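K.L.:
Build me a model from this:
(2 chains)
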Amino acid sequence: MADAMRIRANIVGDKVEVRVLMSHEMETGQRKDARGDIVPAHFIQNVTVTHAGKTVLSAQWGPAISKNPFVHFRFKGGKPGEKVTISWVDNQGDKRTDEATISGG
Amino acid sequence: MDIKRREVLKAGSGAGVLALAAAAGLMKPGEALAQEWNKAAFSTKSFADTVKALGGGGSTESRDIQITAPDIAENGAVVPISIESRLAKTQAIAIMIEKNPNTLSANFEIPAGTDPFVTTRVKMGETSNVYALVKADGKYYHAVKEIKVTIGGCGG
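P.N.:
The predicted structure follows:
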């Protein structure tokens, strides 16, 4: 199981600024190890961010997203104290869901 | 007593099925699709092919798409890229790196209420053109920026 995501969700003006740092190797499947064997691809493929039962961002990723992926985006309609939930699923079926509470501006 | 136990079990399993059905009924098509991964689009090796694989007939260059990224990336393993669209009804933002082994890096779907803006970090194997493809009101638009890479980020 991967480590917890680090999520910041702050109110800025009338929007919620979300910054997420995920813990994942994002192995491309192109790299070779010390013995010359290909290291199998292992990367996050789907990311979904929800707030109040509604998807506020969804993404599909390839292995070209950097190790320990970072995402920054913003959406309207969130209030302090409400939750933002982020889930990912990788190409080997591993998954992780974390949530953060929106803090005031 | 045994009969009661069976009744409870029956009732229990019935409720379980109902809950599953409700969950299935509540799932919108978009939510089901969000969990799929567009293998074809992530296997392409050119900008034009990727646009096609994402469902576009072609793409028009637009000045309403802003790519913010360094001109020179010292470390190709971590290249910060920020894309902002000023096109009305922006629905999706994709990042493509022409000279990577596969062109498409990421495709973000932007629902109504979310700003047409996203920042992430990508890997670049070598100096390349980076495309921001935006789907707005069903049409495709793009901007391009060259990023020079000092040390490639695909290992090897």
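
K.L.:
what's the neighbour count on residue B:74?
P.N.:
11 (other C-beta atoms under 10 Å in any protein chain shown). Quick note: C-beta positions are derived from backbone N, CA and C, even for glycine.

K.L.:
Need the pLDDT of the residue lying farthest from the centre of chain A.
P.N.:
Ranked by distance from the centre of chain A (C-alpha atoms, centre = their mean), the top residue is residue A:35, with 32.0 Å. Per-residue pLDDT puts residue A:35 at 94.

K.L.:
what secondary structure does it sit in?
P.N.:
Look at residue A:35: counting by DSSP: H, G, I helix; E, B strand; the rest coil, its state is coil.

K.L.:
hey, what's residue A:99 bridged with?
P.N.:
Legend: beta-bridge partners of residue A:99 under DSSP bridges are residue A:85.

K.L.:
Which pLDDT does the model give residue A:6?
P.N.:
97.

K.L.:
which residues touch the closest residue to it other than its chain neighbours?
P.N.:
Closest residue to residue A:6 apart from its sequence neighbours, by C-beta to C-beta, 6 or more residues apart in numbering or on different chains: residue A:21 at 4.4 Å. Listed by C-beta atoms under 8 Å, 6 or more residues apart in numbering or on different chains, the contact set of residue A:21 reads A:5, A:6, A:7, A:68, A:69, A:70.

K.L.:
let's see 7 Å
P.N.:
Contacts for residue A:21 (C-beta atoms under 7 Å, 6 or more residues apart in numbering or on different chains) come out as A:5, A:6, A:68, A:70.

K.L.:
Restricted to buried residues, select those in PyMOL.
P.N.:
Per 16 or more other C-beta atoms under 10 Å in any protein chain shown, the buried members of the contacts of residue A:21 correspond to this PyMOL selection:
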select buried, chain A and resi 5+68+70
